[in-house]
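Participant: Predicted model, plus sequence, below.
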There are 2 protein chains.
Amino acid sequence: MAKTINDLELKEACVQAAREVIAEQGVEGLSMRDVARRLDISHQAPYRHFPSRDHLLAEIMRRCFEDFANFLDMSAKNHSEDALRGMGDAYMGYAAQKPLEYRLMFGTPWPEPAAHPELVKHAVHAFDVLRQNLLKKHGHQKNAKKQAELEAMFIWSALHGLATIEQSNVMQHLVLSKGVQAHSKDFMMCMIQSALASGKSEEFMNHVV
Amino acid sequence: MAKTINDLELKEACVQAAREVIAEQGVEGLSMRDVARRLDISHQAPYRHFPSRDHLLAEIMRRCFEDFANFLDMSAKNHSEDALRGMGDAYMGYAAQKPLEYRLMFGTPWPEPAAHPELVKHAVHAFDVLRQNLLKKHGHQKNAKKQAELEAMFIWSALHGLATIEQSNVMQHLVLSKGVQAHSKDFMMCMIQSALASGKSEEFMNHVV
């Protein structure tokens, strides 16, 4: 028995149902048929809004990246005296509190990117929050953009690495000393900030790049 | 028609066939039935060596971790003047050259660890190569083990993060300046080493932990 549901509601209901399928079965388990079954609507109904399963997935991922980028941006602005620290904390908090969304963005294959420019745009925006903040620091000096990008890659790598390691299977078996796991994030932010303040970044730009 | 194959050969053939299935279909696609079909042997034959699909998977992962840990260990020893740099390069090289093995170890859920102590042992060994090398540096000072572990988590996070980001979908869309991707690893190693040499690690230990 098909429910009565208007068009906008249908679109949102499909997105919501698809997120539930992904949460339960992983992204590989997502199919238009499952979404329709979960909503008790005809198998054809989801196609009114999404030409394919990949379009539905791309829409979910686009929303994740948009949400994530805005969250990072806001956190940087709310910690204007130390935007990097604000972003770092926000990044790690997001990964811990929204593991499903985090894995969708960074741990699963994307639907064909060329077909989903909006997904790409919002993903790049998330990186740009970090890139632009670092660029401000270097201003108009020679190679400023390149240096900001190298620093952004370093910072992002460390954050992404810790976020995924903390959710990995191996973590619980390492038998780390008391306090190590709890302090890992703060220690890492301290290491990142001392590396950036060391002058070695400028030295690298002058001698290597 | 079942092939003639002795017991040891059968075990190795199962491991090899399972690796091929994983390479083609991902770890979710691995089943004992597929392995048997690929080897043209009876469906029961793989069970002579592996009680279940998870035991077969655990054996493959155990071998990956053993291989990886030995490789890191050797690289650290071959660069005794700068063991950290040797390990860092080895780590990134392994991830780039063996993406399948790397993803198996760090990007997919493990079979129930309690049932596979050998898998756990070799995974911890890989981390210990890093942990022990850092511990040497700190010797017997107070909190040496804790400091070595915090540093190990920082270094591992940065390496793991960059290794996975470089293989991610978003990478190609960031439109990074020329040379940034090629220099990312060297820049990161430079940042890690300057952070460790800055004295901030000791300061953190004294004030925070």
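Facilitator: Arrived safely, thanks for sending.
Participant: residue contacts, residue A:162?
Facilitator: A:92, A:184-185, A:188, B:153-154, B:157, B:161 (C-beta atoms under 8 Å, 6 or more residues apart in numbering or on different chains). In short, each C-beta sits where N, CA and C put it, glycine included.
Participant: Can you tell me which of the residues you listed are classed as buried?
Facilitator: A:92, A:184-185, A:188, B:153-154, B:157, B:161 (16 or more other C-beta atoms under 10 Å in any protein chain shown).
Participant: What does the pLDDT read for the closest residue to chain B within chain A?
Facilitator: Proximity of chain A to chain B (C-beta to the nearest C-beta) peaks at residue A:161, 2.9 Å away. Each residue has a pLDDT score; the one for residue A:161 is 97.
Participant: cool, residue A:202 as well?
Facilitator: 93.
Participant: residues in contact with it?
Facilitator: Residue A:202 touches residue A:147, counting by C-beta under 8 Å, 6+ apart.
Participant: From the buried ones among the contacts of residue A:162, pick the one nearest residue B:28.
Facilitator: Checking the buried ones among the contacts of residue A:162 against residue B:28 with C-beta to C-beta, the nearest one is residue B:161 at 24.3 Å.
Participant: these two touch, right, that closest one and residue A:156?
Facilitator: Yes: using C-beta atoms under 8 Å, residue B:161 makes contact with residue A:156 at a distance of 6.9 Å.
Participant: tell me the domain ranges of chain A?
Facilitator: A:1-50, A:54-207 (automatic domain parsing).
Participant: what's the longest helix in chain A?
Facilitator: helix A:53-78 (DSSP state H).
Participant: All the helices of chain A, residue numbers only.
Facilitator: A:7-25, A:32-39, A:53-78, A:83-97, A:99-106, A:117-138, A:144-166, A:180-197, A:200-207.
Participant: pLDDT below threshold where in chain A?
Facilitator: A:1-5 (pLDDT under 70).
Participant: From residue A:42, how far off is residue A:18?
Facilitator: Distance, residue A:18 to residue A:42, using C-beta to C-beta, to the nearest Å: 16 Å.
Participant: I meant residue A:126, not that one.
Facilitator: Residue A:126 is 36 Å from residue A:42, by C-beta to C-beta.
Participant: which of the helices of chain A sits most buried?
Facilitator: Among those, helix A:144-166 has the highest mean neighbour count (mean count of other C-beta atoms under 10 Å in any protein chain shown), at a mean of 23.
Participant: Dump the helices of chain A into a markdown table; add distance to residue B:74 as well.
Facilitator: Listed next are the helices of chain A as a markdown table, based on distance: least, C-beta to C-beta, whole Å:
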| stretch | distance to residue B:74 |
| --- | --- |
| helix A:7-25 | 41 |
| helix A:32-39 | 48 |
| helix A:53-78 | 40 |
| helix A:83-97 | 33 |
| helix A:99-106 | 31 |
| helix A:117-138 | 36 |
| helix A:144-166 | 23 |
| helix A:180-197 | 27 |
| helix A:200-207 | 28 |
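Participant: For the residue nearest to residue A:56 when sequence neighbours are not counted, list the residues it contacts.
Facilitator: Sequence neighbours aside, residue A:50 is the residue nearest to residue A:56 in space, at 4.1 Å (criterion: C-beta to C-beta, 6 or more residues apart in numbering or on different chains). Contacts for residue A:50 (C-beta under 8 Å, 6+ apart) come out as A:14, A:32, A:56, A:59.
Participant: what are the phi and psi angles of residue A:50?
Facilitator: Residue A:50 adopts backbone torsions of phi -130, psi 120, taken as degrees, to the nearest 10.
Participant: repeat for residue A:49
Facilitator: Per-residue torsions, residue A:49: phi -110, psi -30 (degrees, to the nearest 10).
Participant: Do I have it right that it meets residue A:14?
Facilitator: Yes: at 6.1 Å, residue A:49 counts as touching residue A:14 under the criterion of C-beta under 8 Å.
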